[in-house]
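# the sequence isn't on hand, but the structure is:
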């Protein structure tokens, strides 16, 4: 009986002990296999890309016994950390952690002073005082610290509504005192423009471009607006409205580690437009600036009316407002720089060059030699008229920008035209004599019964001389012998009813139509539209195709051909190869793509090659 009782007791004790034994057998530390991307995110994530603290910063909190305190009272924990730094009780590892913790708290509390604290700590880590050792270039905290600094100054110096970064001198609050920031307001004046409205690019998501170019470095990357200083409206109009310039803000904090010991710190704010420099010297080191030209370009186009002009610029009054014929520089013109002028095609706009401009302007070898201009026009107007407007615009721009003729860059202009824009481009580089006029009229121009104003308009449009400052032209998908789509009668008939006559041509049109007997061919009761001009049967395009490029101008062709069939019998959906191909060009590249080939990498790289060759660069 006693043995049975003991046995039952042992069984009961064993049952009670099983949970304890099971718990003791479960390992408190271990590792399991997971997707490597999960581990990578855990090791590289930080407050900037996940909203959570990085592994390295959590380690620092643990080593300093501040993990729980930071969770309970972040400001007290950060104050303790700073006091330990000042007392010399910490190593260099604490600075990137303090930067991230300050930024984390700023995000949670909305207190701007902690963004600036993040920038201060990050600067100390990146650019240590005196002869202190530099961070290991492979240390991932180096990039994190740079990004925390960049975002810290952008948010710490933000406007009250947080929409822009304020570029000004002032005194700002720090968690432990104040920061006096000096700024030379003359830095806001650049290339004859005042820079305004500095939007942090880190807050911009880019769409519509295949390539987003970022040059990692130090400083807050910004998209800045521009206001012309001159009162000359013609000069002001040369700069594209609402276009943004890429710039970088840098806040220098000399002897930052030493200054941290006091309650008042000093810093100097600098501003660097992208075209001015890509690097700065900090503590004797050459350091790249953070730059994001793609986002600045996209932000400017987002705010621009350029997209609205595409169909308005073709149909005109059907949309109640026509496109303004306009030549603009996408950046302030710089002395010695060669203008590259982009001319869009039918029912298009300057915005369609965005991908090409984005890639080209990011190349220092291109940017150091060229400025980018764009010409917008009513693409439904007669081609000879639009080409006249282009020639006048280029001539006026050169005269306004270089009245004394001393700028060598303006004497080497490159014009790039897509589709109909290629025909306008050709008419900057040909000597037509009377051929275009003779194709339209059978009476001499002096015998037309029109006003002198209309006679001068006809003479300027149809008696063409090459512009002396245009030295190179590039044709992209250009219908030199017309477009097979424009040959279709129902297409032309429909568009003829919709396309309106530009206001400047209304009077001249009425006068010319009163001279029907002077027309070389029966023209009905209206002047031809651009679509008429691009019909392969049209006398204008047939005559223009037979006029060679002037011997003083180098020409290049980029031709799109769809599919894998023979090039010679191919087309791009709008223009046949046999129409786009012309003899006598310096180079011809065929790209297997559709008509809008100007955004494709092969076309962009070919334009880049031509531009580099033009200045003798490799």
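Right, received. Where do you want to start? Remember, it's a predicted structure, so these values are computed and weren't measured experimentally. Numbering: from 1, shown residues only.
# spit out the contact partners of the residue lying closest to residue 195 once chain neighbours are set aside.
Nearest non-adjacent residue to residue 195, counting by Cβ to Cβ, 6 or more residues apart in numbering: residue 224, 4.4 Å away. For the C-beta atoms, the positions are set from N, CA and C on the backbone; glycine is no exception. Residue 224 makes contact with 195-199, 244-247, 273, 296, according to Cβ atoms under 8 Å, 6 or more residues apart in numbering.
# which strand or helix spans residue 224?
Assessed by DSSP states H and E, residue 224 sits inside strand 220-228.
# and that strand, which strands flank it?
If you go by DSSP bridges, strand 220-228 pairs up with strand 193-200 (antiparallel), strand 245-252 (antiparallel).
# now the strands: where do they sit in the stretch 51-200 of the chain?
170-174, 177-183, 189-190, 193-200 (DSSP state E, counting those that start in this stretch).
# I should have written the stretch 351-500 of the chain there, sorry.
Under DSSP E, counting those that start in this stretch, the stretch 351-500 of the chain gives strands at 370-376, 413-418, 470-476.
# just put those strands in a markdown table and tack on mean pLDDT.
Shown next, in a markdown table, are the strands of the stretch 351-500 of the chain (pLDDT from 0 to 100):
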| stretch | mean pLDDT |
| --- | --- |
| strand 370-376 | 93 |
| strand 413-418 | 98 |
| strand 470-476 | 99 |
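# closest to residue 512 out of the ones you listed?
strand 370-376 (25.6 Å; Cβ to Cβ).
# paired strands for the closest one, with orientation please.
Strand 370-376 has these strand partners (DSSP bridges): strand 326-329 (antiparallel), strand 338-343 (parallel).
# what does that strand contact?
Contacts of strand 370-376 (Cβ under 8 Å, 6+ apart): 240, 306, 309, 313, 323-331, 333-334, 337-344, 349-350, 353, 357, 360-361, 390, 393, 397, 409, 414, 421, 424, 611.
# drop anything exposed from the residues you listed.
Buried residues within the contacts of strand 370-376, defined by neighbour count using 16 or more other Cβ atoms under 10 Å: 240, 306, 309, 313, 323, 325-331, 333, 337-344, 349-350, 353, 357, 360-361, 390, 393, 397, 409, 414, 421, 424, 611.
# ok, residue 432 touching residue 462?
Yes - counting by Cβ atoms under 8 Å, residue 462 is a contact partner of residue 432 at 7.1 Å.
# comparing the two, which residue is more hemmed in?
residue 462 (24 against 19; other Cβ atoms under 10 Å).
# so who does that one touch?
384, 432, 434, 436-437, 440.
# want to throw those residues into TSV with distance to residue 569 and pLDDT?
TSV is the format used below for those (distance: Cβ to Cβ, whole Å; pLDDT from 0 to 100):
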residue	distance to residue 569	pLDDT
384	30	93
432	31	98
434	35	96
436	30	96
437	35	92
440	32	88
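# among those, which one has the most neighbours?
Neighbour max across these (other Cβ under 10 Å) = residue 384, 24 neighbours.
# once you drop chain neighbours, what's closest to that one?
Per Cβ to Cβ, 6+ apart, closest to residue 384 is residue 461, 4.3 Å.
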